[in-house]
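Asker: fold the following.
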Amino acid sequence: MASRSTAGLGYVSPTRTADHDESSCILNKKDDGPPESHRYYLARRTVLEMLRDRGCVIDESEITRSLSEFRSVFGDLPEPDNLRICAPLVSKPFKKILVIFCGPEEVNKAKAKYILTSILNKESLHRIIIVLGSKMNHFARQEFDSHQVKVEIFQITELFVNITKHVSMPKHEILTTEEKEQLLMKLKLADNQMPYMLESDAVARHYGLVKKQVVKITYNSKITGSFVTYRCVK
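Answerer: Model prediction:
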């Protein structure tokens with residue numbers, strides 16, 4: 001993630017999670033059950049937290065469900081279709097985010113078309129999130145990119161850990177359009193003059209941010225002290 005410094009904005013280097021593979025540590029914890037259900041359990045819990053952070057209505061009991069409870073509901077070898085989530089936005093209950101889990105097979109163009117044609121009530125969808133258990137080829141990605149509803153794609157391995165809960169991660173707050181305009185007026189800047197966060201950044205993807213949205217980042221640690229900066233998504 002590249003960033004530019006701008007006077008008055010308090011630039012600091014980009015935030016990063018720890019370099020070690022935390023997901024492998026989690027999966028290596030003692031568990032006598034099938035690894036497939038453990039993988040789905042971790043990924044689905046992170047997705048639920050992600051949806052909550054995006055302003056969706058999420059039942060807290062879904063997030064706090066234990067691995068054994070997850071297996072009792074979905075089985076030791078969960079069927080991906082049964083893991084689907086459709087959550088309404090708090091601000092717009094008629095709009096929903098749909099999450100679709102894919103199995104271990106590679107997703108090709110035919111599979112992508114099948115997934116998209118199986119979705120009902122497309123007009124009520126705000127976003128679609130696809131969680132891949134394997135690879136996706138170029139033609140399948142084109143199919144998703146051309147869909148009328150924005151489709152986000154995550155590998156299941158990216159969701160074993162919620163990166164926003166990492167001990168070194170600062171607090172992120174997404175500004176409303178009004179808050180953004182007030183900030184730009186106060187700083188006498190255009191949004192393209194601000195330090196930026198790439199739309200492909202892991203934090204931006206977690207919150208589902210789009211270009212020109214502004215994020216307030218608050219640092220509070222022994223290393224940085226108490227510190228506030230802003231990033232515009234590019």
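Asker: am I right that Val131 is in a strand?
Answerer: Yes: applying DSSP: H, G, I helix; E, B strand; the rest coil, one finds Val131 inside a strand.
Asker: which one is Pro80 nearest to, not counting chain neighbours?
Answerer: Counting by CB to CB, 6 or more residues apart in numbering, Phe101 is the residue found nearest to Pro80 once chain neighbours are left out, at 4.1 Å. Yep, even glycine has a C-beta here, placed from its N, CA and C like the rest.
Asker: against Leu175, how distant is the one you found?
Answerer: To Leu175, Phe101 is 32 Å away according to CB to CB, to the nearest Å.
Asker: do the same with Ser66
Answerer: 36 Å.
Asker: which one of these two is surrounded by more residues?
Answerer: Applying other CB atoms under 10 Å to Ser66 and Leu175 shows that Leu175 carries more neighbours, namely 16 against 9.
Asker: quick one: that one from Lys95, how far?
Answerer: 20 Å.
Asker: list the contacts of Glu179.
Answerer: Neighbouring residues of Glu179 by CB atoms under 8 Å, 6 or more residues apart in numbering: Val214.
Asker: can you point out the buried residues in the helix or strand in which it is found?
Answerer: For Glu179, the host element (DSSP states H and E) is helix 177-187. Within helix 177-187, the residues scored as buried using 16 or more other CB atoms under 10 Å are Lys180, Leu183, Leu184.
Asker: go through these and name the one nearest Val149.
Answerer: Top of the list for closeness to Val149, among the buried residues of helix 177-187 and by CB to CB, is Lys180 at 24.6 Å.
Asker: tell me which residues are up against stretch 209-217.
Answerer: 15, 170-175, 179-180, 183, 191, 194, 197, 199, 203-204, 207, 228-234.
Asker: what about 10 Å?
Answerer: Outside of stretch 209-217, the residues within contact range by CB atoms under 10 Å, 6 or more residues apart in numbering are 10, 12, 14-15, 54, 150, 169-177, 179-181, 183-184, 191-192, 194-199, 201, 203-204, 207, 227-234.
Asker: tally of neighbours for Cys232?
Answerer: 23.
Asker: for it, helix, strand, or coil?
Answerer: Per three-state DSSP, Cys232 ends up strand.
Asker: gap between it and Lys180?
Answerer: 8 Å.
Asker: shared neighbours, the two?
Answerer: With CB under 10 Å, 6+ apart, Cys232 and Lys180 have common neighbours Asp191, Met194, Lys212, Gln213, Val214, Val215.
Asker: and those residues, which of them are buried?
Answerer: The buried subset of these (16+ other CB under 10 Å) comprises Asp191, Met194, Gln213, Val214, Val215.
Asker: return the distance of the residue of the chain positioned farthest from its centre relative to Met194.
Answerer: Using CA atoms, centre = their mean, the residue of the chain lying farthest from its centre is Lys188. It sits 31.5 Å away. Noted for Lys188: a distance of 12 Å to Met194, by CB to CB.
Asker: try Tyr114
Answerer: For Tyr114, the distance to Met194 - CB to CB - is 42 Å.
Asker: Val161 too?
Answerer: Val161 is 29 Å from Met194, by CB to CB.
Asker: same check, this time on Gly208
Answerer: 20 Å.
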